[in-house]
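Asker: A structural model of the following input is requested.
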Amino acid sequence: MTDNLDNTIPTPSCGGEDPGKIKDHFDLFQTEPYQDLFAYKRQFEGAYSDDKIAETAEWTKGWDYREKNFAREALTINPAKACQPLGALFVAAGFEGTLPYSHGSQGCVAYFRSHLTRNYKEPFQAVSSSMTEDAAVFGGLSNLKSGLENSYTLYKPKMIALCTTCMAEVIGDDIGAYITTAKNEGHIPEDLPVPAAHTPSFVGSHITGYDNMLKSILKTLTKDEKSETTNGKFNFNLGFDPYIGNIRELKRILGLFGIDYTILSDNSDTFDSPNTGEFKMYNGLTTLADTADSINAEGTVFFQKYTTPKTQEYIAKDWGQKTYNFRPFGIKGTDEFLMTLSAVTGKPIPLELQQDRGRAVDAMTDSQAWIHGKKIALYGDPDHALSLIQFLLEMGAEPTHIVVTNSNDDFEAEARELLTNSPYGQGATVWGGKDLWHLRSLMFTEPVDLLIGNSYGKYLWRDTGTPLVRIGYPIFDRHHMHRYATLGYQGAINQFNWIINTILDELDRKTSTIAKTDISFDLIR
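Answerer: From the prediction side, this is the model:
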């Protein structure tokens, strides 16, 4: 075989004829020398012919392949979830002076940092025990002691929030004992709070890690802080919510009501800090003092029931505190939230919020005809999916394929009940534990009009031609989406805007061929 190889290797240059002008990679790799190089490489790859690849690709679009695809058990392809430590680091970053710490290899924390940085276009600080092969054999105690000491000495945190990775969990590191040892030996001060959460990546997902770390932080900081009377405040937690605008919108709503509150993990400045010319190491806005006093609040409100089950159980049982669950997304969800705030506080819903509702309803009335009856495929975390389902049903859209990789039985029962109770949800199917390759089969065999999800959906868009509305986490390939709110009436307008204008963009693409498809290429939609 090697006797027939073409050994004339193409040698493309970066700048073409003008070496001083460097082409962007989007253009560079389309030039003839690079295309020749790609063609040359194929002889070494043992690739099938273009005809065979096209034939196989076409077969994967049918029902026969769908049945085989859904029968697989030992393989996951592009799951709609991330691993536990990502959620743990995310929630830790919302607390004052807190350094997120990953007990594991350097590569793990580098992945989590880059993942968050790529979504928010914001540098994310986190450190690691930098465990290597010897730690995998002898344990990570030495690495943890050195890591904690170096982290405290160099970065002066008020709290170090420590989570584990697969390596530490597989070898069975006792991180609670390790932290105690580090304090007893003087590597870090005795009074430095170091909440720790077990977050193995081989079980659960990023929302599991979020829950584990939030519970550990609250348990650590509220120890011995219970008083005989309440502080008159309410605690609020948004869960693994990637939209920084939601925290700021919630603060605006609470401010209009005049409610005294504590946001349990306010990372709005962590992932959207102002560029003042000065570097600030810590941007978490929830103070440690307020967190410690959160045990004495009137109650705690959660926006993501399936993201925070352990934390909610802990607060209800150990604190003896009332917990509430709301999804203030869309009209109905926001109505329920605001009416409860009004009932609890005895204050009327502020006029400004009533006007916001009117504007949201007006916007939906103006554009609802474009989305009514449209079939939708969507994917994301359980609470995220439920919020979208409810919002879509309000607009007369038809959620058709709902894929939630990190699903559970309670979520699926709630989702099916929500869908069954609406005339627009009768054709819906909820696919718990499935991935985006399953969704591909669903979209080819039972096509839909629109896909809603994170950036990984662009591969489904490319394959199926279904327009993608980017809502969720992560969004790597569009900028500044995280700065908007999806919560409340303002958030309803934003999400409605993204959905409707994606539909109109697609309509323009389909009617843009002169003298062929432009019969209704209207200026006014």
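Asker: Stretch 481-495: which residues count as buried?
Answerer: Using 16 or more other CB atoms under 10 Å as the test for burial, stretch 481-495 gives 481-482, 484-495. (Each C-beta comes from the backbone N, C-alpha and C, glycine too.)
Asker: mind checking how far Gly245 is from Val194?
Answerer: 32 Å (CB to CB, to the nearest Å).
Asker: who has more neighbours, these two?
Answerer: Shown here are Gly245 and Val194; by other CB atoms under 10 Å, Val194 has more neighbours (24 against 21).
Asker: Now the more buried one: which helix or strand?
Answerer: Val194 belongs to no helix or strand when assigned by DSSP states H and E.
Asker: same check, this time on Thr400
Answerer: strand 398-404.
Asker: what does that strand contact?
Answerer: Identification of contacts with strand 398-404 by CB atoms under 8 Å, 6 or more residues apart in numbering yields 80, 373-382, 385, 388-389, 392-393, 411-412, 415, 419, 424-425, 427-436, 438-439, 442-443, 446, 448.
Asker: thought Glu249 was touching Gln490?
Answerer: Yes: between Glu249 and Gln490 there is a contact at 5.8 Å, judged by CB atoms under 8 Å.
Asker: where does this protein have low pLDDT?
Answerer: Applying pLDDT under 70 to the chain picks out residues 1-7, 13-20.
Asker: can you give me the strands for the stretch 251-400 of the chain?
Answerer: Using DSSP state E, counting those that start in this stretch, the strands of the stretch 251-400 of the chain run over 261-263, 299-302, 322-325, 375-379, 398-404.
Asker: In JSON lines: those strands, plus distance to Pro33 and mean neighbour count.
Answerer: Converted to JSON lines, these look like this (distance: least, CB to CB, whole Å; neighbours: other CB atoms under 10 Å):
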{"stretch": "strand 261-263", "distance to Pro33": "55", "mean neighbour count": "20"}
{"stretch": "strand 299-302", "distance to Pro33": "57", "mean neighbour count": "22"}
{"stretch": "strand 322-325", "distance to Pro33": "59", "mean neighbour count": "16"}
{"stretch": "strand 375-379", "distance to Pro33": "40", "mean neighbour count": "25"}
{"stretch": "strand 398-404", "distance to Pro33": "42", "mean neighbour count": "25"}
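Asker: To Leu75, which of those lies closest?
Answerer: strand 398-404 (16.0 Å; CB to CB).
Asker: could you redo the strands of the stretch 251-400 of the chain as TSV and give each row distance to Trp59?
Answerer: Formatted as TSV, the strands of the stretch 251-400 of the chain follow (distance: least, CB to CB, whole Å):
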stretch	distance to Trp59
strand 261-263	51
strand 299-302	46
strand 322-325	45
strand 375-379	21
strand 398-404	21
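Asker: among those, which is nearest Ile9?
Answerer: Checked against CB to CB, the stretch from these lying closest is strand 375-379, at 42.9 Å.
Asker: and the angle for the closest one with strand 398-404?
Answerer: Interaxial angle, strand 375-379 versus strand 398-404 (axes from the mean of the first three to the mean of the last three CA atoms, to 10 degrees): 20 degrees.
Asker: Report the strands that pair with strand 375-379, each with its relative direction.
Answerer: strand 398-404 (parallel), strand 450-453 (parallel) (DSSP bridges).
Asker: follow-up on the earlier one: let me know the closest of the buried residues of stretch 481-495 to His25.
Answerer: So of those, ranked by how close each gets to His25 (CB to CB), first place is Met481, at 23.5 Å.
Asker: For that closest one, which non-adjacent residue is spatially closest?
Answerer: Ile475 (5.0 Å; CB to CB, 6 or more residues apart in numbering).
Asker: What's the separation between Pro423 and Gly373?
Answerer: Counting by CB to CB - Pro423 and Gly373 are separated by 11 Å.
Asker: which of the two has more neighbours?
Answerer: Neighbour tally, Pro423 and Gly373, criterion other CB under 10 Å: the higher count belongs to Gly373, 11 against 8.
Asker: Quick check, the residue nearest to Met481 in contact with Arg118.
Answerer: No: using CB under 8 Å, Ile475 is not in contact with Arg118; the gap is 9.2 Å.
Asker: The two: which has the busier surroundings?
Answerer: Neighbours were counted for Ile475 and for Arg118 using other CB under 10 Å; Ile475 has more, 21 against 15.
Asker: quick one, phi/psi of the more buried one?
Answerer: With angles defined as degrees, to the nearest 10, Ile475 sits at phi -120, psi 100.
Asker: residues in contact with it?
Answerer: Applying CB under 8 Å, 6+ apart, the residues contacting Ile475 are Asn119, Pro242, Asn454, Ser455, Met481, His482.
Asker: ok, now Glu149?
Answerer: Ala182, His187, Ile188.
Asker: could you dump the helix or strand harbouring it to CSV, C-alpha only?
Answerer: Applying DSSP H and E as the criterion places Glu149 in helix 141-155. Only the C-alpha atoms of helix 141-155 are listed here, as CSV (Å, rounded to 0.1, in the frame of the first residue of the first chain):
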residue,chain,number,x,y,z
LEU,A,141,-2.7,14.5,51.3
SER,A,142,0.7,16.0,50.5
ASN,A,143,-0.6,17.9,47.5
LEU,A,144,-3.6,19.2,49.4
LYS,A,145,-1.6,20.5,52.3
SER,A,146,0.8,22.3,50.0
GLY,A,147,-2.0,23.5,47.8
LEU,A,148,-4.0,25.0,50.6
GLU,A,149,-0.9,26.6,52.1
ASN,A,150,0.2,28.1,48.8
SER,A,151,-3.3,29.3,47.9
TYR,A,152,-3.8,31.0,51.3
THR,A,153,-0.3,32.6,51.3
LEU,A,154,-0.5,33.9,47.7
TYR,A,155,-4.1,34.9,47.3
